[in-house]
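Visitor: Structure here, sequence nowhere to be found:
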Ligand code: ADP
């Protein structure tokens, strides 16, 4: 379970309170805690690369909160996994020097699961709820008065003798993160004062992240190699980190530990990551769509069943980048492969179906 409390002093560094489960992962379960990722995570706003507009709006919110001596407004981050939602929450807690508690919508099954987070929240602290779209409706409704008036309504007793007590809470900030903003109910969305959408990163920003993180990992990497790697990590810093770690190991095992462009290419080729940064699963998705479903349109459920992969994995992890790069498009009738997908797999595109002319119809009728 992704559940941690990180104390306020940024110099103390993150302090995991509870170990996290790593077994039996499926796409519906939270990611396991990775200490190296924590090490690579920017701690201050000035260390954040890219997402300039988001960072600028957050710096204004931070300044205003400091000047007014009030907690930050509730903030909702949305965007595909690995783009920096947790990073921004961590940065905000460090900038303010307040406590940060981390949990996940999937872990908050009942009202009583969320209660300790609410009653223990210190003045001005931050509660980060990852995958907030997974909160059950009852828990979601339970936190409405928390977000509006910093109180919880607890019902005591049953039937005629039932009464509601209002429990006042300290003023704190809820930061929600979601990969599926569309699944969030309107009332929950409206209770967040800031909505920030995180976009995929461009190659320059990723090359900067890779260079900075190589230094943190004490790995020598040339600028050209960082550029090569940046073009092959699906616009996603978390993937950039994972691939950098693999390339570093490869450079150690196969060369003198220095990452050059050819070492980077060989290492990624070995993992079957192609020149566009697509991995085996991405190519299988495109291949299934084109060969089995004749390029679509087809529903994501049918694709997932054919590939024997969870629908959520396709929706959250595979499709966003393929859609963004226009390998596929989403139509009202389902997913459809684009010309780029055929070209990437070395397949020829089907001829577009020509409308049947009147002459054709007459010929068919009288043949
Ligand atoms: P999310 O919560 O959106 O799934 P994370 O915030 O956990 O993604 O990001 C994964 C990793 O990517 C972080 O540990 C960090 O190293 C890196 N990262 C993400 N965003 C940035 C950024 N804007 N600048 C530098 N590194 C980043």
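Guide: On my side now, so go ahead. Since we're looking at a predicted model, the values are computed, not measured.

Visitor: how about the nearest residue to the closest residue to the ligand within the chain, chain neighbours excluded?
Guide: For the chain and the ligand, the shortest gap (Cβ to the nearest ligand atom) falls at residue 84, measuring 2.8 Å. Every residue, glycine included, has its C-beta placed from N, CA and C. Leaving aside its sequence neighbours, residue 84 sits nearest to residue 198 (Cβ to Cβ, 6 or more residues apart in numbering; 5.6 Å).

Visitor: For the one you found, which residues are in contact?
Guide: By Cβ atoms under 8 Å, 6 or more residues apart in numbering, the residues touching residue 198 are 51, 54, 77-80, 83-85.

Visitor: Ramachandran angles for the residue of the chain closest to the ligand?
Guide: Main-chain dihedrals, residue 84, degrees, to the nearest 10: phi 120, psi 20.

Visitor: There's contact between it and residue 48 in this structure, I believe.
Guide: Yes - counting by Cβ atoms under 8 Å, residue 48 is a contact partner of residue 84 at 7.3 Å.

Visitor: and this structure, which of its residues are near the ligand?
Guide: Neighbours of the ligand within the chain, by Cβ under 6 Å from any ligand atom: 37, 40-42, 48-51, 81-87, 177, 209, 237-238, 241.

Visitor: Please repeat the previous calculation with a cut-off of 5 Å.
Guide: Counting by Cβ under 5 Å from any ligand atom, the chain comes close to the ligand at 37, 40-42, 48-49, 81-87, 209, 237-238.

Visitor: Which of the residues you listed sits closest to residue 66?
Guide: Minimum distance to residue 66 across these is 18.1 Å, recorded for residue 48 (Cβ to Cβ).

Visitor: What is the burial count for residue 282?
Guide: 22 (other Cβ atoms under 10 Å).

Visitor: that older thread, per-residue pLDDT of the residue of the chain closest to the ligand, please?
Guide: Per-residue pLDDT puts residue 84 at 97.

Visitor: ok, it to residue 139 distance?
Guide: 26 Å (Cβ to Cβ, to the nearest Å).

Visitor: and if you look at residue 39?
Guide: 33 Å.

Visitor: before we move on, what about residue 69?
Guide: From residue 69 to residue 139 the distance is 30 Å (Cβ to Cβ).

Visitor: Settle it for me: which of those two has more neighbours?
Guide: Neighbour count, other Cβ under 10 Å: between residue 69 and residue 139, residue 139 has more, with 19 against 7.

Visitor: I'd assumed residue 117 was in contact with the more buried one.
Guide: No - counting by Cβ under 8 Å, residue 139 sits too far from residue 117 to count as a contact (11.0 Å).

Visitor: Can you tell me the closest non-neighbouring residue to the residue most central in space within the chain?
Guide: A centroid search over the chain (Cα atoms, centre = their mean) returns residue 81, at 1.8 Å, as the residue closest to the centre. Nearest non-adjacent residue to residue 81, counting by Cβ to Cβ, 6+ apart: residue 179, 5.7 Å away.

Visitor: Tell me where the stretch 251-367 of the chain has helices.
Guide: 261-270, 280-287, 300-307, 311-313, 319-324, 339-344, 358-366 (DSSP state H, counting those that start in this stretch).

Visitor: Point out where the stretch 251-367 of the chain drops to low pLDDT.
Guide: Counting by pLDDT under 70, the stretch 251-367 of the chain has low-confidence residues at 353-362, 364-367.

Visitor: Could I get the full set of strands for the stretch 201-350 of the chain?
Guide: 328-331, 334-337 (DSSP state E, counting those that start in this stretch).

Visitor: From the chain's centre, how far out is the first one? Work that out for me.
Guide: This means strand 328-331. From the chain centre to the centre of strand 328-331 is a distance of 21 Å (Cα atoms, centre = their mean, to the nearest Å).

Visitor: for the last one, same thing?
Guide: Using Cα atoms, centre = their mean, the mean C-alpha position of strand 334-337 is found 23 Å from that of the whole chain.

Visitor: Same question for stretch 118-131.
Guide: 20 Å.

Visitor: Can you measure across that stretch, start residue to end residue?
Guide: 18 Å (Cα to Cα, to the nearest Å).

Visitor: do stretch 316-330 as well
Guide: 14 Å.

Visitor: from here on, count from 555
Guide: Yes, from this point I'll number from 555; that puts the last item at stretch 870-884.

Visitor: Would you mark the buried spots in that stretch?
Guide: Of the residues in stretch 870-884, 870-876, 879, 881-882 count as buried by neighbour count, 16 or more other Cβ atoms under 10 Å.

Visitor: got the contact list for it?
Guide: 581, 634-635, 733-734, 754, 788-790, 830, 835-836, 839-840, 843, 850, 854, 889-892, 894-895, 898.

Visitor: how about the helices of the stretch 655-804 of the chain, start to end?
Guide: So, for the stretch 655-804 of the chain - with DSSP H, counting those that start in this stretch - the helices run 665-674, 691-703, 740-744, 757-770, 777-784, 791-808.

Visitor: which strands and helices sit next to the first one?
Guide: Using 3 or more Cβ pairs under 8 Å, 6 or more residues apart in numbering; DSSP states H and E as the contact criterion, the secondary-structure elements in contact with helix 665-674 are strand 654-658, helix 691-703, strand 705-710.
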